[in-house]
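Peer 1: structure of the sequence below:
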Amino acid sequence: MSAGIDLDNVCCDFGTFRAVDNANVSIKPGEFFSFLGPSGCGKTTILRMVSGFIEPTQGAIRIGGKDMRGQRPNQRPTALIFQNLALFPLMPIWENISFGLEVRGVDKATRRKKAEELLALVDLPGAADKMISQLSGGQKQRVAIARALAVEPQVMLLDEPLSALDLKLRQHMRAELRAIQKRTGVTFIYITHDQGEALAMSDRVGVMSQGRIQQIAEPRDIYDNPVNGFVASFVGENNIFEGSLGPVADGMAALTGPHGSFRARIRPEAEGKPLKLYVRPEHTKLAPTKGSENSVEVEVTEVAFEGAFISVHGHAAGGKAISAEVRNDGVTPVPALGDKVYATFDAARALLLPDANVRG
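Peer 2: Next up, the predicted model:
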């Protein structure tokens with residue numbers, strides 16, 4: 001069983017500070033949905049409102065179509081996994097997992113059987129009688145997930161559960177979490193400030209800033225078609241150019257500034273607003289000669305080897321920083337420090353975007 005979640009014009013105020021401002025989102029049953037944003041953007045506040053630990057100042061939250069107003073956390077079909085996991089160190093693993101069932105009066109034999117079934121689900125068979133201290137960080141994460149699943153929630157709420165793990169283990173647990181979610185079919189709401197986690201695991205992502213949801217879309221669309229400069233900058237790196245907007249035609253426009261005139265895509269809703277041009281380093285090519293359009297001279301100031309690609313940094317006129325990624329394929333030439341090259345990009349890969357949607 002899984003349930004959908006609807007937030008309708010949800011706001012949350014702490015005194016005069018508005019932590020969440022008119023959040024509107026519909027999360028489908030069985031969806032893996034992530035709220036992504038920097039610290040203090042309101043994403044954890046949304047999670048706590050869904051779980052029942054905080055009541056909205058205004059607006060409505062519905063789970064499975066039912067208004068949650070006045071429903072305490074233990075009355076909601078949700079399970080929350082905290083950042084610190086909150087496992088019980090003096091209990092064996094099977095008792096940790098079945099603790100919620102014990103509170104509900106389920107007999108010991110049934111609890112033990114359920115715990116072992118869930119340990120198999122999270123790939124920890126045979127670990128029932130171990131203690132928490134005997135587990136690795138990734139194994140503890142799985143126990144926390146199994147404990148949350150024991151009470152058969154319709155919605156699983158995860159508040160940055162991988163933040164304390166090292167990089168390799170985080171990457172492994174991303175795949176584990178996604179696989180568990182697919183096997184169970186439970187709706188997952190995931191909170192993170194890590195764009196890699198959100199893009200790798202989610203069906204859809206909601207990017208937040210200053211209490212507002214800036215964009216909701218599938219991961220690839222968030223990355224390739226951000227709606228504003230905040231989303232573009234928070235989800236990936238960019239070269240950014242300022243200037244004056246020229247005529248708009250067929251979804252394209254020119255931007256003329258101190259580093260030249262450039263063409264790029266423009267969204268219809270962006271017209272009439274102050275805009276900047278955003279192009280990602282992986283879409284920025286380096287050439288020995290000036291291109292026919294979207295080309296600016298750069299002096300190379302840093303060449304950083306990063307494994308699969310080489311990151312090249314340079315400065316254009318006036319000291320403007322520009323970056324490009326060169327594939328480490330043994331074929332693509334890599335410039336040396338001090339070289340003067342031209343950074344070029346395809347107009348179809350660049351976007352003219354307004355700044356973030358902020359409170360007025």
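Peer 1: neighbours of residue 55, how many?
Peer 2: Using other C-beta atoms under 10 Å, residue 55 is surrounded by 13 other residues. (Glycine included, C-beta is placed from N, CA and C.)
Peer 1: quick check, central residue of this structure?
Peer 2: By C-alpha atoms, centre = their mean, the chain has its centre lying nearest to residue 198, at 3.2 Å.
Peer 1: quick one: buried residues of the helix or strand that residue falls within?
Peer 2: Element membership for residue 198, per DSSP states H and E: helix 195-201. Neighbour-count burial for helix 195-201, counted by 16 or more other C-beta atoms under 10 Å, picks out 195, 197, 198, 199, 201.
Peer 1: if I look at the third one, how far off is residue 160?
Peer 2: In this case it means residue 198. Here the criterion is C-beta to C-beta, to the nearest Å. By it, residue 198 lies 11 Å from residue 160.
Peer 1: please apply the same query to residue 5.
Peer 2: Separation of residue 5 from residue 160 (C-beta to C-beta): 19 Å.
Peer 1: now residue 143
Peer 2: Distance from residue 143 to residue 160, by C-beta to C-beta: 17 Å.
Peer 1: comparing these two, which residue is more hemmed in?
Peer 2: Higher neighbour count among residue 143 and residue 160: residue 143, with 24 against 19, using other C-beta under 10 Å.
Peer 1: now the more buried one, what are its backbone angles?
Peer 2: phi -60, psi -40 (degrees, to the nearest 10).
Peer 1: my guess is it contacts residue 132. True?
Peer 2: Yes - with contact defined as C-beta atoms under 8 Å, residue 143 reaches residue 132; the gap is 7.3 Å.
Peer 1: joint contacts of the two?
Peer 2: Residues touching both residue 143 and residue 132 (C-beta atoms under 8 Å, 6 or more residues apart in numbering): 87, 93, 96.
Peer 1: any of those residues buried? List them.
Peer 2: Buried, going by 16+ other C-beta under 10 Å: 87, 93, 96, out of those.
Peer 1: what secondary structure does the last one sit in?
Peer 2: So that's residue 96. helix (DSSP: H, G, I helix; E, B strand; the rest coil).
Peer 1: just checking, it touches residue 147?
Peer 2: Yes - the pair residue 96 / residue 147 is scored as a contact, 5.7 Å apart, by C-beta under 8 Å.
Peer 1: on that earlier part again, and the residue nearest to the centre of the chain, what does it touch?
Peer 2: Residue 198 makes contacts with 34, 36, 190, 192, 205, 219, as judged by C-beta under 8 Å, 6+ apart.
Peer 1: just these: which are in helices?
Peer 2: Secondary structure from DSSP state H places residue 219 of these in helices.
Peer 1: so which of the contacts of residue 198 is the most crowded?
Peer 2: That'd be residue 205 among the contacts of residue 198, by other C-beta under 10 Å, with 29 neighbours.
Peer 1: quick one: it and residue 37 touch, right?
Peer 2: No - assessed by C-beta under 8 Å, residue 205 is found out of contact with residue 37, at 10.0 Å.
Peer 1: correct me, but residue 170 touches residue 162?
Peer 2: Yes - the criterion here is C-beta under 8 Å, and residue 170 meets it with residue 162 at 4.7 Å.
Peer 1: picking up where we left off before, could you dump the contacts of residue 198 to CSV with pLDDT?
Peer 2: Output for the contacts of residue 198, formatted as CSV (pLDDT from 0 to 100):
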residue, pLDDT
34, 97
36, 97
190, 95
192, 93
205, 98
219, 97
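Peer 1: closest to residue 82 among the contacts of residue 198?
Peer 2: Nearest to residue 82 out of the contacts of residue 198 is residue 190 (C-beta to C-beta; 13.2 Å).
Peer 1: got a list of what the closest one touches?
Peer 2: Counted by C-beta under 8 Å, 6+ apart, residue 190 has contacts 32, 33, 34, 35, 158, 177, 197, 198, 201, 202.
Peer 1: cool, residue 278 as well?
Peer 2: Contacts of residue 278 (C-beta under 8 Å, 6+ apart): 226, 229, 232, 233, 238, 239, 240, 350, 351, 352, 353.
Peer 1: am I right that it sits in a strand?
Peer 2: Yes - membership of residue 278 in a strand is supported by three-state DSSP.
Peer 1: state the distance from it to residue 80.
Peer 2: In terms of C-beta to C-beta, residue 278 sits 36 Å off from residue 80.
Peer 1: still on that earlier bit, so which of the contacts of residue 278 are in helices?
Peer 2: 229, 232, 233.
Peer 1: picking that back up, which of the buried ones among the shared contacts of residue 143 and residue 132 sits closest to residue 328?
Peer 2: residue 87 (41.8 Å).
Peer 1: tell me the pLDDT at that closest one?
Peer 2: Note on residue 87: pLDDT of 87.
Peer 1: now do residue 359
Peer 2: Confidence at residue 359, expressed as pLDDT, is 63.
Peer 1: can you map out the strands along the stretch 151-300 of the chain?
Peer 2: Ranges of strands within the stretch 151-300 of the chain are 155-159, 187-192, 204-209, 212-217, 239-242, 244-249, 252-257, 260-266, 276-279, 284-287, 295-305, based on DSSP state E, counting those that start in this stretch.
Peer 1: since that was my last question, I'll sign off now.
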